[in-house]
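Peer 1: Below are the sequence and a predicted model; questions follow.
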Amino acid sequence: MRKLVILGAGTAGTMAATKLRPQLPRDEWSVTIVDQNETHYYQPGYLFIPFGIYRPDEVTKPIKRFIPSGVDLVTGAIDRVVADENKVLLDDGRELPYDYLIIATGTTPRPDETPGMADDLGGSVHEFYTYKGATALADKLRTWEGGHLVVHITEMPIKCPVAPLEFTFLADAFFTEQGIRDNVKITYVTPLEGAFTKPVASKYLGDMLDKRNVHLEPDFMIESIDTEAKKLVSFDEREVDYDLLVTIPLNMGADYIARSDLGDDLNYVPVDQQTLLSKKHDNIFAVGDASDIPASKAGSVAHFAMDLFPANFMNHIQGLKMTEFFDGHANCFIETGHGKGLLIDFNYETEPLPGKYPLPGVGPFSLLKETELNHWGKVMFRWMYWNILLPGKELPLPALMSMAGKETGDLR
Ligand SMILES: Cc1cc2nc3c(=O)[nH]c(=O)nc-3n(C[C@H](O)[C@H](O)[C@H](O)COP(=O)(O)OP(=O)(O)OC[C@H]3O[C@@H](n4cnc5c(N)ncnc54)[C@H](O)[C@@H]3O)c2cc1C
């Protein structure tokens with residue numbers, strides 16, 4: 001019996017299990033998936049919890065509901081991978097031998113990596129990148145009377161790089177609707193030179209911050225947080241004071257990746273960016289946020305990659321050439337407040353451009369434009385996630401990015 005072990009039963013690991021199990025003959029292959037949690041978290045929903053738009057119980061379901069029959073679900077924390085011996089060790093001493101390994105343990109916010117950040121978490125320092133953080137921030141915002149709100153990104157890459165902008169837009173709308181926007185000064189502090197990573201989208205999104213009277217503090221490489229004086233301090237000695245700090249801590253791959261000597265400085269697994277095969281080990285793949293591919297760390301990227309991955313995996317285990325080449329396709333709805341949203345569609349090579357998606361000229365979604373339909377796209381996504389993406393059903397969207405419908409004229 002050959003053994004496939006999948007590490008992580010989040011977005012990418014679950015899709016790998018649901019798509020590969022039917023293709024691997026049951027009398028020849030066992031499939032095991034490991035996760036430290038018994039709960040699957042719909043992380044895009046964390047954005048809405050602080051503003052009371054989603055209740056916390058609307059973003060969780062039991063992991064086992066999504067694991068297909070014929071896949072063994074093991075609950076436990078991974079301690080390390082011993083790649084030379086083809087085995088995974090769990091921290092309770094269990095050992096899982098494998099012939100092929102798929103790493104899908106994602107990325108995690110690490111406030112402990114920035115001096116001062118963890119000292120006042122839940123006080124004047126908050127985050128919404130975890131279930132616990134998003135619910136604590138909801139409690140804080142319910143009674144907060146105003147002051148200086150600073151939304152801050154520690155360092156790139158982070159998962160869902162647009163989420164801090166969405167949080168800022170929603171905060172502006174939330175305080176306006178509460179009638180206290182005049183009492184709230186909002187500053188957006190980023191290590192990037194503008195509002196976003198890509199120039200055209202950065203200009204559009206920067207203008208949207210401007211329109212909402214949000215001050216942008218770019219190129220801010222944080223050194224530490226002084227929680228007594230309530231200020232962020234950068235390496236070039238700039239200071240930004242705050243009354244309420246909502247930070248996106250450094251995001252890192254799992255620590256066991258470092259212990260297993262499988263990762264880079266941030267514990268991401270170096271892979272071929274088209275096939276997701278480890279650069280070091282011919283029987284290890286890394287999918288979703290766990291890999292070092294230069295794409296957005298986003299569920300949509302995991303989904304598009306996972307449309308192509310099974311064919312490559314099946315070829316590879318038979319000693320055949322992999323023939324599907326992932327292009328880094330990402331597709332993100334950006335919530336902009338007051339029932340509107342924006343959509344961006346891009347890949348490794350092409351930055352987000354205006355136009356229509358998915359049908360050229362028709363849409364119905366508009367790229368880089370605030371519309372109500374884009375907002376409904378974002379709202380619908382939660383249903384699609386639980387009912388289509390995780391169960392491994394097909395969405396009628398091409399895995400690779402298309403230039404059809406995109407405007408490429410003079411954009412700046
Ligand atoms: C606030 C927020 C908003 C977002 N919005 C969007 C959006 O609008 N659109 C979008 O496409 N994406 C969005 N994302 C990103 C999306 O959620 C992730 O990119 C996606 O979940 C990545 O899937 P993954 O399988 O790689 O990792 P995950 O889904 O994070 O799964 C990793 C799994 O590995 C397990 N694990 C980790 N370490 C260990 C260990 N040592 N032992 C055992 N198990 C372990 C974890 O418990 C987890 O279940 C958002 C994320 C956040 C935080």
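Peer 2: Cool, got the structure.

Peer 1: Which parts of the stretch 101-250 of the chain are helices?
Peer 2: Counting by DSSP state H, counting those that start in this stretch, the stretch 101-250 of the chain has helices at residues 131-143, 163-178, 199-211.

Peer 1: what's the last one in contact with?
Peer 2: I take that to be helix 199-211. Residues from elsewhere that reach helix 199-211 (C-beta atoms under 8 Å, 6 or more residues apart in numbering): 162, 165, 168-169, 188, 192-196, 216, 334, 336, 342, 344, 346, 351-354, 368, 370, 411-412. No exception for glycine: its C-beta is placed from N, CA and C like everyone else's.

Peer 1: one more time with 10 Å, if that's ok
Peer 2: 151, 161-162, 165, 168-169, 172, 186-188, 192-196, 198, 214-216, 218, 332, 334, 336-337, 342, 344, 346, 351-354, 367-370, 411-412 (C-beta atoms under 10 Å, 6 or more residues apart in numbering).

Peer 1: what's the angle from it to helix 163-178?
Peer 2: With axes from the mean of the first three to the mean of the last three C-alpha atoms, to 10 degrees applied, the angle from helix 199-211 to helix 163-178 works out at 20 degrees.

Peer 1: Show me which residues of this structure sit near the ligand.
Peer 2: 8-13, 34-37, 43-44, 46-47, 77-78, 104-106, 128-129, 159-160, 163, 254, 256, 288-290, 297-300, 302, 332 (C-beta under 6 Å from any ligand atom).

Peer 1: The closest residue to residue 52 other than its chain neighbours: how many residues sit nearby?
Peer 2: Counting by C-beta to C-beta, 6 or more residues apart in numbering, residue 52 lies nearest to residue 138, which is 6.2 Å off, once chain neighbours are set aside. Residue 138 has 20 neighbours, counted by other C-beta atoms under 10 Å.

Peer 1: quick revisit: buried among the contacts of helix 199-211? Make that a ChimeraX selection.
Peer 2: A single ChimeraX command selects the buried members of the contacts of helix 199-211 (16 or more other C-beta atoms under 10 Å):
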select :151,161,162,165,168,169,172,186,187,188,192,194,195,196,198,214,216,332,334,336,337,342,344,346,352,353,354,367,368,369,370
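
Peer 1: quick one on the thing from earlier: tell me who's in contact with the residue nearest to residue 52.
Peer 2: 48, 49, 50, 51, 52, 53, 54, 55, 56, 126, 128 are the contacts of residue 138 under C-beta under 10 Å, 6+ apart.

Peer 1: Please read off the pLDDT at the first one from the model.
Peer 2: Here, the pLDDT recorded for residue 48 equals 97.

Peer 1: tell me the centre residue of this protein?
Peer 2: residue 159 (3.2 Å; C-alpha atoms, centre = their mean).

Peer 1: Apart from its neighbours in sequence, what residue is nearest the residue of the stretch 201-350 of the chain found nearest the ligand?
Peer 2: Closest residue of the stretch 201-350 of the chain to the ligand, C-beta to the nearest ligand atom: residue 288 (2.3 Å). Excluding the flanking residues, the one nearest residue 288 by C-beta to C-beta, 6+ apart is residue 12, at 2.7 Å.

Peer 1: pLDDT weak spots in the stretch 301-412 of the chain?
Peer 2: 409-412 (pLDDT under 70).

Peer 1: One more: the chain?
Peer 2: Using pLDDT under 70, the flagged stretches of the chain are 409-412.

Peer 1: how many neighbours does residue 143 have?
Peer 2: 6.

Peer 1: how far away is it from the ligand?
Peer 2: 22 Å (C-beta to the nearest ligand atom, to the nearest Å).

Peer 1: neighbours around the residue of the chain found nearest the ligand, how many?
Peer 2: Closest to the ligand within the chain is residue 10: 1.8 Å, counting by C-beta to the nearest ligand atom. Residues contacting residue 10 under the criterion other C-beta under 10 Å number 22.

Peer 1: Over to the one 3 residues further on?
Peer 2: Residues contacting residue 13 under the criterion other C-beta under 10 Å number 28.

Peer 1: part of a helix, is it?
Peer 2: Yes: assignment of residue 13 by DSSP: H, G, I helix; E, B strand; the rest coil places it within a helix.

Peer 1: so what's it closest to, chain neighbours aside?
Peer 2: Per C-beta to C-beta, 6+ apart, closest to residue 13 is residue 104, 3.4 Å.

Peer 1: same thing with residue 129?
Peer 2: Using C-beta to C-beta, 6+ apart, the closest residue to residue 129 is residue 109 (4.3 Å).
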